[in-house]
Structures are given as structure tokens and as C-alpha cells.
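Engineer: Have a look; sequence and predicted model below, questions after that.
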Amino acid sequence: MRIGIFGGSFNPIHLGHLILAETARDTLALDRVVFIPSAKPPHKSSRGLLPAAVRMELVQRAIQGQPAFVVSDIELQRPGTSYSIETVRIVRQQLPMATLFLLVGQDLLQVRWAHWDQIKRLCTVVVATRAGVSVARRQPGIRQLSMPLIEISSSDIRARCRGGRSIRFLVPSAVERYIADHHLYPPRGR
């Protein structure tokens, strides 16, 4: 079995995340892509981070109808900072015979990872790059995944919501409705 591990804050999940997951599923012949919302991301401030259960719900709504996509709460069950090495170890224990691929965006190669060499021994790190852009830090254990140019970010979506602007076609419609119905990123001044 070939498994893609796709962690992140997903604050909120958007179409860029889904396109990355589907591109990886298709290109790498993955049987499953596991979305793993982080409880406390090590490289991001928790300021403005929706509660983990809400982000988990958004992911569930976003992947509904795609049988190869599943969501896991393994990082939400652990206390403290959500380090990828711990997540990969747990998935390795749960699926000892699986071939694991850790899916990351190119921007994450610029940060310092805890136990980077161990991560690369336990799985193949797959870096999503824009078409025609190569990873500057080529290393053994890292594979490039050429992606279509998608300029969508969670921070832009949050800013649009807070500014009272549309997020249609940036997130799945079920996610858009949930955000609006639950006033997750209310306009400033309210």
C-alpha cells in the first residue's frame, strides 16, 4: 500500500491543498492520502488558529466524496507541538508494510525540521513545486512533485473573510458554507 501523509494547519483547507493531494495521488500512484490537521504547528503562530476540532471538520467536508482521501486526528490526540517525525513514526507503526510519502510544500524546505534525517529514512519526502521550478536543496530522500501554479493561501482566505470578501472558488463549497454559517473568520469590527 502506498500512503501519502499530508499534514498542515488547514486554517482553512483550500483548493490548493486538494490539488496538491490529488496531484500526488495520481503522480505517485497513492492508494490513500491521509490529511492530518496539526494541533500545534511548530512553524506557525497559534494566534488566529481555529480550534483543532473545527479544522478537522473543515477537512472532512473538503474531502467528502473522494474515497482515496481520509482525515486522521493522530496529531490532535497528542499533547504539545505537532512534529512530523512523531506523526510519521505513528503511521509507520500503524502500517508497517506501507510505502510512505510525506507531502510538503516547497516553502517548508526553508524551515528547520526536527529529526530531518530520520524523517527521510522512514518515508520519501515529496516536495510540491511549481511547474518549471526545481528544489534548490536537492537531497537524497526528497522527490519533486510538479504542480500547476495555484496562488491560493489560507492567510489570504482568512483576510478575505475578515474583509467581507468572497472566498468562492478558493475553497470547496461545503467549506465556504461552514465558514459562513459558523462565522469562523468574522469581519473586523464585529
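Structural biologist: Here it is on my side, so go on.
Engineer: Give the helix, strand or coil label for residue 16.
Structural biologist: Per DSSP: H, G, I helix; E, B strand; the rest coil, the secondary structure class of residue 16 is helix.
Engineer: With the one 10 residues further on instead?
Structural biologist: Under the three-state scheme (three-state DSSP), the conformation of residue 26 reads as helix.
Engineer: show me where the chain has strands.
Structural biologist: Using DSSP state E, the strands found in the chain span residues 2-8, 32-37, 69-71, 99-105, 124-130, 142-147.
Engineer: CSV for the ones you listed, including mean pLDDT, mean neighbour count and distance to residue 87?
Structural biologist: The way it works is simple: take the backbone N, C-alpha and C, and place the C-beta from them, glycine included. Listed next are the strands of the chain as CSV, based on pLDDT from 0 to 100; neighbours: other Cβ atoms under 10 Å; distance: least, Cβ to Cβ, whole Å:
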stretch, mean pLDDT, mean neighbour count, distance to residue 87
strand 2-8, 96, 23, 6
strand 32-37, 97, 23, 6
strand 69-71, 98, 20, 13
strand 99-105, 94, 21, 9
strand 124-130, 86, 20, 13
strand 142-147, 88, 16, 18
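Engineer: isn't residue 98 right up against residue 5?
Structural biologist: No - with contact taken as Cβ atoms under 8 Å, residue 98 and residue 5 are classed as non-touching, separated by 10.0 Å.
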